[in-house]
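>>> Any chance you could fold what I've pasted below:
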Amino acid sequence: MSGRLITLLPALVLVLCYLMTAPDQAPAYMAQWTSEVRRNVPVPPSQFASALARFVIFRRAAPFRATLLEGNSNQGTGSALLNFFRRMADSSWSVGLHESRYAYDLIESIHVWALCLFFGLAVMFDLRLLGWTMRSVPVSEVARRLLPWTAVGFVVMVISGALLFSAIPLRSFQNIFFRTKMILLMVAGINVLIFHSGVYRRVISWDLDLTPPRAARVAGALSLVLWVAIVLSGRMIAYNWFDCDRQPQPAIINFLTSCVPTEAEH
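Alright, predicted model coming up:
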């Protein structure tokens with residue numbers, strides 16, 4: 001019975017995510033700081049190319065003020081990164097994906113579904129490490145059934161997330177929630193590495209224990225906390241509470257987001 005439940009879990013997670021996912025307007029999330037008005041992308045003449053263009057090209061958007069990099073006298077690594085992401089934001093790929101009629105929404109939906117798949121299975125494994133569920137199922141069996149699907153969800157999530165970032169690179173890079181999410185992702189990755197290179201190597205000695213050893217329980221609890229925080233941070237990226245154009249902001253926020261407001265905004 002437990003084996004069948006584990007096998008059906010990915011499908012159940014996807015169905016739940018589909019029912020919970022609804023179209024949502026997030027203008028702040030779609031906003032991108034560029035130093036010029038959005039360019040018109042010519043529509044190719046062929047029928048196939050025209051159909052492709054309709055898939056990619058979105059309606060013309062209003063320009064968004066770029067108030068951060070002007071007058072920046074710091075020429076260190078932070079400034080170089082900002083200039084790099086500003087050039088990326090002005091690229092035809094970024095503008096085309098950002099203003100796409102269907103592509104951006106489709107990629108975002110795939111990202112959310114992959115996140116649901118990964119998060120749901122990771123939570124199930126973490127709960128087993130804590131000894132709170134599937135206690136009669138060996139930990140190695142739970143890992144064997146869940147981790148391959150977890151890896152699939154993670155890969156799809158990373159690829160779709162990178163595409164979303166490339167659509168709005170400057171705004172994302174300077175978003176405090178995005179930076180928090182990246183830091184938490186690194187910590188979560190370190191936690192996984194320590195778990196699999198440490199206590200999980202000796203899983204044969206505690207595989208059938210109703211309550212795994214303390215190191216495994218700590219890894220599971222930390223994973224749960226980190227991924228809840230990662231999902232929350234990712235959702236908060238859509239809100240522009242601390243965006244650089246909303247000045248004045250506290251000095252600590254401007255520092256953490258590499259914002260350099262102009263004199264007129266002080």
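>>> tell me the contacts of the nearest residue to Pro138 once chain neighbours are set aside?
For Pro138, ignoring the flanking residues on the chain, the nearest one in space by CB to CB, 6 or more residues apart in numbering is Asp207 at 4.6 Å. Every residue, glycine included, has its C-beta placed from N, CA and C. Taking CB atoms under 8 Å, 6 or more residues apart in numbering, we find Asp207 in contact with Pro138, Val139, Ser140.
>>> looking at this protein, which helix or strand is least sure?
For the chain, scoring each helix and strand by mean pLDDT, DSSP states H and E identifies helix 27-30 as the least confident one, at a mean of 40.
>>> tell me, how many neighbours does Ser136 end up with?
When neighbours are counted by other CB atoms under 10 Å, Ser136 registers 8.
>>> Is it in a helix, a strand, or coil?
At Ser136 the chain is in coil, as set by DSSP: H, G, I helix; E, B strand; the rest coil.
>>> Next, give phi and psi for it.
Taking degrees, to the nearest 10, you get phi -80, psi -10 for the backbone angles of Ser136.
>>> And it, how far from Trp206?
14 Å (CB to CB, to the nearest Å).
>>> okay, now Val156: neighbour count?
Count around Val156 with other CB under 10 Å applied: 17.
>>> Test my guess that it contacts Val112.
No - using CB atoms under 8 Å, Val156 is not in contact with Val112, being 10.8 Å away.
>>> Could you count how many residues lie near Val123?
17.
>>> for the residue nearest to Pro138, helix, strand, or coil?
Per three-state DSSP, Asp207 ends up coil.
>>> ok, of the contacts of Asp207, which come out buried?
Buried members of these, counted by 16 or more other CB atoms under 10 Å: Pro138, Val139.
>>> and which of the contacts of Asp207 is nearest Phe195?
Nearest to Phe195 among those: Val139, at 11.4 Å, using CB to CB.
>>> okay, that closest one: pLDDT?
Note for Val139: predicted pLDDT of 95.
>>> go on, Leu5?
The model's pLDDT for Leu5 equals 47.
>>> how many other residues sit next to Met186?
10.
>>> typo on my end, Ala215
Applying other CB under 10 Å, we find 16 other residues in the vicinity of Ala215.
>>> Following the chain past the helix or strand containing it, name the next helix or strand.
Element membership for Ala215 (DSSP states H and E) is helix 214-236. Once the chain leaves helix 214-236, the next helix or strand it forms, by DSSP H and E, is helix 251-256.
>>> tell me the mean pLDDT for that next one?
89.
>>> how about that helix: buried residues?
Across helix 251-256, burial judged by 16+ other CB under 10 Å covers Ile253, Asn254.
>>> With stretch 150-166 instead?
Residues Thr150, Gly153, Phe154, Val156, Met157, Ser160, Gly161, Leu163, Leu164, Phe165, Ser166 are the ones in stretch 150-166 that count as buried (16+ other CB under 10 Å).
>>> Stretch 117-137 now?
Residues 117-131, 134-135, 137 are the ones in stretch 117-137 that count as buried (16+ other CB under 10 Å).
>>> just stretch 202-214 next, same as before
For stretch 202-214, the buried set under the neighbour-count rule, 16+ other CB under 10 Å, comprises Val203, Trp206, Pro212.
>>> and that stretch, how far apart are its ends?
Terminal residues of stretch 202-214 lie 13 Å apart, using CA to CA, to the nearest Å.
>>> Who are the packing partners of the helix holding Ala215?
Applying 3 or more CB pairs under 8 Å, 6 or more residues apart in numbering; DSSP states H and E, one finds that helix 214-236 makes contact with helix 103-130, helix 176-197.
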